[in-house]
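Peer 1: this one's sequence-less:
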């Protein structure tokens, strides 16, 4: 099993550009999450999903959108990129019930200039 | 409002000694706590967890202690090894109100010196 995979690993965007961060998991987990980590800070939840077709906002959703059309994929869309979105983005998944351990991907380092 | 706080940004210990990482929380609804370990350029990996009905959970060299009255938990690593050098995140969940969502602390950089 590959676990949680994320693409790309690195990306530089200009202000106002858009992009999609890809996330795929092969563990048949129902729950998926997107976090961002800024330097010296913990992980902040952007959006999460409890199953295909169901998404909800986390702590810092502004400037982002998500969709969940399949169990495996949970892409994160950035519209009109801003310097404040410079961060490392992590995707995670979990079974969601009985156990609350989340499994993380390797991250995408995004710079907006 | 930082509901989970790790007050020590860094900790340095000698190989073979005990490492103690601390975490405080403010939300009394939190009932499940986890520790994650993160190496540079990798995602966090789950280390150990504890439910609020327990005050201790042990897994090999790693032990987590929970003091609910003080809203404090700690991770003990004994003996510490150079490979334990990483950032450690404390996380908490309020399962009844927030389901599987986790709230993370800021992290503590542990350095184990040979």
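Peer 2: That came through, no problem. Predicted model only: the values in this text are computed from it and were never measured. Numbers count the residues shown, from 1 in each chain, chains lettered A, B, ... in the order given.
Peer 1: give the contact list for residue A:101.
Peer 2: Neighbouring residues of residue A:101 by Cβ atoms under 8 Å, 6 or more residues apart in numbering or on different chains: A:94, B:34, B:46, B:49. C-beta coordinates here come from the backbone N, C-alpha and C atoms, glycine included.
Peer 1: And it, how close does it get to residue A:93?
Peer 2: Between residue A:101 and residue A:93 the distance is 10 Å, computed by Cβ to Cβ, to the nearest Å.
Peer 1: Spell out which parts of chain A neighbour chain B.
Peer 2: A:4, A:31, A:33, A:35, A:40-45, A:48, A:50, A:58, A:90, A:92, A:94, A:96-97, A:100-107 (Cβ under 8 Å from any Cβ of the partner chain).
Peer 1: which other residues reach the helix or strand bottoming out on mean pLDDT in chain B?
Peer 2: Scoring the helices and strands of chain B by mean pLDDT, DSSP states H and E places helix B:95-98 at the bottom, with a mean of 74. Applying Cβ under 8 Å, 6+ apart, the external contacts of helix B:95-98 come out as A:100, B:29, B:31, B:32.
Peer 1: What of stretch A:55-65?
Peer 2: By Cβ under 8 Å, 6+ apart, the residues outside stretch A:55-65 that reach it are A:33-36, A:44-50, A:66-68, A:76-80, A:82, A:84-85, B:101.
Peer 1: Just the buried positions in it, please.
Peer 2: Judged by neighbour count using 16 or more other Cβ atoms under 10 Å in any protein chain shown, the buried positions of stretch A:55-65 are A:55, A:58, A:60, A:61, A:64.
Peer 1: Also stretch B:24-38?
Peer 2: B:24, B:25, B:27, B:30, B:31, B:32, B:33, B:34, B:35, B:36, B:37, B:38.
Peer 1: Endpoint to endpoint, it covers what distance?
Peer 2: Stretch B:24-38 has an end-to-end distance of 19 Å (Cα to Cα, to the nearest Å).
Peer 1: again with stretch A:68-75
Peer 2: End-to-end distance for stretch A:68-75, by Cα to Cα: 7 Å.
Peer 1: Stretch B:79-89 now?
Peer 2: Across stretch B:79-89, the terminal residues are separated by 19 Å (Cα to Cα).
Peer 1: Just the contacts of stretch A:55-65: which are in strands?
Peer 2: If you go by DSSP state E, the contacts of stretch A:55-65 have A:33-36, A:44-50, A:66, A:76-78 in strands.
Peer 1: Perfect, I'm done here.
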